[in-house]
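In: need coordinates for the following:
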Amino acid sequence: IKGWDTLVPVTTVELGEPATFTCAFPNALISRRSIQWYKQSAGDLLKLIVTRQKSTQPEYAPEFPASRFQVNSDDNFSNLTILRTRQEDEGMYHCAVSEWIIKTVWSGTYLLLKGNLVVYFYKVFLMLHIDQKLQNVDVYKKEPFKRTTRNF
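Out: Numbers count the residues shown, from 1 in each chain. Down below sits the predicted model:
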């Protein structure tokens, strides 16, 4: 959001461990709901992981097979789980909830992997403050990502 301070949720897991993201739905979105989960790597566009209509089986994109990703949903939330994380899984995960008569609602969480990893910083303006208790990322202004390697 241009000119606004934005707080990005962060989920931190060990490499090889599962990672789960949760998307809660507004009460108004009830009947013909469609849920899409996306991944965004640093400097890349959104990539569709999976789409799920309210009463149907999930449809996974070829790059994100059901053998590695699992989505579960009910009337109030959707969970996306990466069953065993890899280094390339690090990035921003977005949930989009669409209702045929209501605009799409978006939310997102950044996946940070512990170990020898690549951390992506927004060029110059990203203020990364990882609080051991809150695990929040403060993003003041967004510009293209810069790739930096760090050991944790």
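In: where along the protein do the strands fall?
Out: Per DSSP state E, the chain carries strands over the ranges 6-14, 19-24, 34-40, 47-53, 59-60, 69-73, 77-82, 91-99, 102-114, 116-122, 126-127, 136-139, 145-151.
In: any idea of the mean pLDDT in the last one?
Out: Model confidence over strand 145-151 averages 46 on the pLDDT scale.
In: before we move on, what about the first one?
Out: The average pLDDT within strand 6-14 is 83.
In: just the buried residues of it, please?
Out: Using 16 or more other CB atoms under 10 Å as the test for burial, strand 6-14 gives 9-11, 13. (Each C-beta comes from the backbone N, C-alpha and C, glycine too.)
In: which neighbouring elements make contact with that strand?
Out: When contacts are defined as 3 or more CB pairs under 8 Å, 6 or more residues apart in numbering; DSSP states H and E, strand 6-14 packs onto strand 19-24, strand 102-114, strand 136-139.
In: which strands border it, and is each parallel or antiparallel?
Out: Looking at strand 6-14 with DSSP bridges, its partner strands are strand 102-114 (parallel), strand 136-139 (antiparallel).
In: my guess is Val50 contacts Glu63. True?
Out: No. Applying CB atoms under 8 Å, one finds Val50 not in contact with Glu63, separated by 10.8 Å.
In: more neighbours: which of those two?
Out: Val50 (19 against 11; other CB atoms under 10 Å).
In: per-residue confidence for that one?
Out: On the pLDDT scale, Val50 is placed at 96.
In: so what's it bridging to?
Out: Val50 has these beta-bridge partners by DSSP bridges: Trp37, Tyr60.
In: show the contacting residues for it.
Out: With contact set as CB atoms under 8 Å, 6 or more residues apart in numbering, Val50 has these partners: 36-37, 58-61, 64, 69, 71, 80.
In: what's the answer for Phe77, then?
Out: 22-25.
In: Asn76 too?
Out: Neighbouring residues of Asn76 by CB under 8 Å, 6+ apart: 24-25.
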